[in-house]
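Undergrad: 3D, please:
(chains A, B, C and D)
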Number of protein chains: 2
Amino acid sequence: MARTEFPAKATHAQTRAHNAALVLRALYDLGPISRADIARLTGLTRTSVGELVSDLEKDGLAIDVGRGPSTGGKQPTLVALNANSRTIITLDLGERTFTAALANLRGELAARTSRDLEGRDGDEAVAIVHELIDEVRRAATTPILGIGVGTPGVVDQSGTIRWAVSLDWQDLPLAKILEERHQLPTVVANDSRAAAFATYLFKGDARPANLAVIKVGRGIGAGLILKDQLFGGDGEAAGEIGHVVVDPDGDACHCGRYGCLETVASAPAIIRHSSAKSLDDLADAAAAGDTEALGSVRTAGRALGGAIAHLVAALDVRHITLVGTVTALGDPWLDAVRDEATSRSLAVTGQDTTIEIGGTGEDVTLLGACALLLTRELGLTVHR
Amino acid sequence: MARTEFPAKATHAQTRAHNAALVLRALYDLGPISRADIARLTGLTRTSVGELVSDLEKDGLAIDVGRGPSTGGKQPTLVALNANSRTIITLDLGERTFTAALANLRGELAARTSRDLEGRDGDEAVAIVHELIDEVRRAATTPILGIGVGTPGVVDQSGTIRWAVSLDWQDLPLAKILEERHQLPTVVANDSRAAAFATYLFKGDARPANLAVIKVGRGIGAGLILKDQLFGGDGEAAGEIGHVVVDPDGDACHCGRYGCLETVASAPAIIRHSSAKSLDDLADAAAAGDTEALGSVRTAGRALGGAIAHLVAALDVRHITLVGTVTALGDPWLDAVRDEATSRSLAVTGQDTTIEIGGTGEDVTLLGACALLLTRELGLTVHR
DNA sequence: TGCGCTTTGTCCAGTGACCGGACGAAGTCG
DNA sequence: CGACTTCGTCCGGTCACTGGACAAAGCGCA
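TA: Numbering: from 1, shown residues only, chains lettered A, B, ... in the order given. You can find the predicted model right below:
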């Protein structure tokens, strides 16, 4: 573990980029706003803000939108983000379906299209990605900022997919491939982590610095935002909590162990352990007062809650958002998760912890891929 | 959670500070080294490095130490860190004893002195801190950089002790008090987290970017280094894993729950659950083949290993260091920790994870307080 | 021994970006 | 209507990185 590489040196250009990102974020979060207000909020001088805003306007990213009310002096000119000045191509590579869409700078989606895989994988699956990109690209009317991709499997920082079982991809440098073929900056990230980042970025002004987003569907994975940045860990595998053993006497898991969290709390496991055919049926039965169904729901919720207790204790994250198909189980499930999470971790931290179901629905992965690209290309978030 | 505060703007001074830190770290990690080599490693120009080194030499922090061998051209002048150019006052506020010492820039300790509390707490305990500082300060022969303090309890970023049971301190702004009384920059941090930082900083060139240091003694707490920085979480309570419930049917814990990790794996719990009088006795008995003793040791080790499995899965940290009195149980205990940690978490990550016992011994907290101060005042570590 | 080639460290002019003061424009308030 | 504010911009000043040039000082080969 020799550390011959050093962090990047600082230059004037980086200073400029940092301050430009500050201004852009003020525009993004605080809507139409005057140059003077931006200066006050960021601590920059009015001179610098004026110059930076003028650069943004030259690029079309920002735009003057009339004057605001006077507070005793000259009335300010308000500047706003021009959300439609750029287009992002965003993809969600699901295990069965690939979806592509266009997004603007605020993550508003358009031109959505998808392809069922029907068992295709490997190079064929890559070909479908190319097709989808070409297709949605034709619908774009403003300059394209780049491509954002959310995919299952472990993805490293260079955008290489280390291992995606369902697609039979191993060590596939997808980001590089797409950059070369389409000549656009590309970000590839794990879908759970993309979802986490969407939940974070599109919270606007209310963004918490630390946030865990847990995706509970066929598998269970978390994306961690720590200090305003996606955290990857040593091998970019942070958040892979689905295969922690929670019950050594439990069912066999396809990973080779017994009693992994996924064998208790994932969608297939929940259905297997109940007499219901689908999550919706189970939710309906539980809502109708079926005690057996309610028991299944609560058992699954408690197992997840226990894992969350560990997460909360270790990281002291006070914001947990749950996404994925299992959130369809609704309040009985959520209550079980909360009960177990708070009763299993320390009072001080447990009290202020909010555990809630995320709102962005099916689009989370698309939005997340978009959010990651926005951040990398425009530096929309700035770490404190 | 309104986010009206923005991150700090970037200025020329910060650019300079960043690059100065880069140079300082090169000196710190890579011993006597030429200006040209520093330039190559950091990416800075020879011009900038020359200027930065000259500043450091003016401050006495760096010093020319002769010439190095030629590689075909003019032989380089080697520059080294002047470890004894500054003194740090460092304190370990234990639950029963307060210890103070002087440290140089490499964390070499001198003038150690301590006071037994003998039950004193509150303001009396603060008075003892002042006394100790005054006493060791008289022994200093070079300019004092500041004061570093490691203390039990929850400490926020401003150096205010939120709550330290044993000393009866609540919301005590210790950093501010010491800064005013002694007119020196001061860092106050939780002892486990200070220990974690010492383990990180004094690893020299081999510093891993992510590291968890778990202190297992009367209590159990972890310090987390993530991306080269101490991670605190939303309430500066990250790493407080001692009160996660690992066995709902377990013993009552003084926190009010049943079956917390501390009721199974802490020093008092281990002794209570065995027939031994002390940890050393237990270690001896286990080593001698006493199966009951070995069982106690392994049970404790496995409980800790289970918690570590959660930590490893959630964060994908590949370096875990164990410190504290319980490490005296030696290999049987360490093996149990490792077994459980690896068998309970995913193969991919579990494989490369190293779990080892830390070496810095009793001085960890003193060194950690010193390391934190060094980092804040000299910017010794730089995030990547 | 002499000459060309390298490497090192420094000097210097140039540039990019922040700073702070000043100024005109355009309001409010008494 | 005049004093006072606030806004946005202009301008000279300073700070810190850049890249080219140069002398010092060594190596290697003829």
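Undergrad: for A:Val23, what are its contacts?
TA: A:38, A:42, A:44, A:49, A:52-53, A:56 (C-beta atoms under 8 Å, 6 or more residues apart in numbering or on different chains). Quick note: C-beta positions are derived from backbone N, CA and C, even for glycine.
Undergrad: those residues also near DNA strand C: which ones?
TA: Contacts with DNA strand C within those, counted by C-beta under 7 Å from any atom of the strand: A:44, A:52.
Undergrad: tabulate the contacts of A:Val23 (a markdown table), appending secondary structure and distance to DNA strand D.
TA: Shown next, in a markdown table, are the contacts of A:Val23 (DSSP: H, G, I helix; E, B strand; the rest coil; distance: C-beta to the nearest atom of the strand, whole Å):
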| residue | secondary structure | distance to DNA strand D |
| --- | --- | --- |
| A:Ile38 | helix | 8 |
| A:Thr42 | helix | 13 |
| A:Leu44 | coil | 11 |
| A:Val49 | helix | 7 |
| A:Leu52 | helix | 10 |
| A:Val53 | helix | 7 |
| A:Leu56 | helix | 12 |
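Undergrad: now do whichever residue of the stretch 251-384 of chain A sits closest to DNA strand D, the pLDDT please.
TA: Residue nearest to DNA strand D within the stretch 251-384 of chain A: A:Gly379 (19.4 Å; C-beta to the nearest atom of the strand). At A:Gly379, the model reports a pLDDT of 88.
Undergrad: my guess is it contacts A:Ala21. True?
TA: Yes: counting by C-beta atoms under 8 Å, A:Gly379 touches A:Ala21, with 3.6 Å between them.
Undergrad: the more surrounded of the two?
TA: A:Ala21 (20 against 15; other C-beta atoms under 10 Å in any protein chain shown).
Undergrad: doesn't the more buried one belong to a strand?
TA: No: counting by DSSP: H, G, I helix; E, B strand; the rest coil, A:Ala21 is not part of a strand but helix.
Undergrad: that one and A:Ile133, how far apart?
TA: A:Ala21 sits 27 Å away from A:Ile133, going by C-beta to C-beta, to the nearest Å.
Undergrad: and if you look at A:Ala196?
TA: A:Ala196 sits 24 Å away from A:Ile133, going by C-beta to C-beta.
Undergrad: what strand or helix carries A:Ala194?
TA: helix A:191-201 (DSSP states H and E).
Undergrad: which neighbours in the sheet does the helix or strand that that helix is followed by have, and how are they oriented?
TA: Note on helix A:191-201: by DSSP H and E, the next helix or strand toward the C-terminus is strand A:211-216. Sheet pairing for strand A:211-216, assigned by DSSP bridges, gives strand A:220-226 (antiparallel), strand A:319-323 (parallel).
Undergrad: which SS class is the one residue in the stretch 1-150 of chain A that gets nearest to DNA strand D?
TA: Nearest to DNA strand D, among the residues of the stretch 1-150 of chain A, is A:Gly73, at 1.8 Å (C-beta to the nearest atom of the strand). With three-state DSSP as the basis, A:Gly73 sits in coil.
Undergrad: output the below-cut-off pLDDT ranges for the stretch 101-250 of chain A.
TA: A:204-205 (pLDDT under 70).
Undergrad: now do the strands in it.
TA: A:109-116, A:144-151, A:154-155, A:161-164, A:169-172, A:186-190, A:211-216, A:220-226, A:229-230 (DSSP state E, counting those that start in this stretch).
Undergrad: so which of these comes closest to DNA strand C?
TA: strand A:144-151 (20.6 Å).
Undergrad: now do the closest one: which elements does it pack against?
TA: strand A:87-93, helix A:122-137, helix A:174-182, strand A:186-190, helix A:191-201, helix A:364-378 (3 or more C-beta pairs under 8 Å, 6 or more residues apart in numbering or on different chains; DSSP states H and E).
Undergrad: columns mean neighbour count and distance to chain B on top of these, output as a markdown table?
TA: What follows is the helices and strands packed on strand A:144-151, written out as a markdown table (neighbours: other C-beta atoms under 10 Å in any protein chain shown; distance: least, C-beta to the nearest C-beta, whole Å):
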| stretch | mean neighbour count | distance to chain B |
| --- | --- | --- |
| strand A:87-93 | 27 | 20 |
| helix A:122-137 | 16 | 21 |
| helix A:174-182 | 18 | 19 |
| strand A:186-190 | 28 | 12 |
| helix A:191-201 | 28 | 12 |
| helix A:364-378 | 27 | 14 |
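Undergrad: out of those, which comes closest to DNA strand C?
TA: The minimum distance between DNA strand C and those falls on helix A:364-378, with 16.0 Å, by C-beta to the nearest atom of the strand.
Undergrad: then the closest one to PDB, C-alphas only?
TA: Presented in PDB, the C-alpha positions along helix A:364-378 are these (Å, rounded to 0.1, in the frame of the first residue of the first chain):
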ATOM      1  CA  VAL A 364     -34.600   7.000  -9.300                       C
ATOM      2  CA  THR A 365     -31.800   5.200 -11.200                       C
ATOM      3  CA  LEU A 366     -32.300   7.300 -14.300                       C
ATOM      4  CA  LEU A 367     -32.200  10.500 -12.100                       C
ATOM      5  CA  GLY A 368     -29.200   9.200 -10.200                       C
ATOM      6  CA  ALA A 369     -27.200   8.600 -13.300                       C
ATOM      7  CA  CYS A 370     -28.200  12.100 -14.400                       C
ATOM      8  CA  ALA A 371     -27.200  13.600 -11.000                       C
ATOM      9  CA  LEU A 372     -23.800  12.000 -11.100                       C
ATOM     10  CA  LEU A 373     -23.100  13.300 -14.500                       C
ATOM     11  CA  LEU A 374     -24.300  16.800 -13.500                       C
ATOM     12  CA  THR A 375     -22.000  16.800 -10.600                       C
ATOM     13  CA  ARG A 376     -19.000  15.600 -12.400                       C
ATOM     14  CA  GLU A 377     -19.400  17.900 -15.500                       C
ATOM     15  CA  LEU A 378     -20.700  21.000 -13.800                       C
END
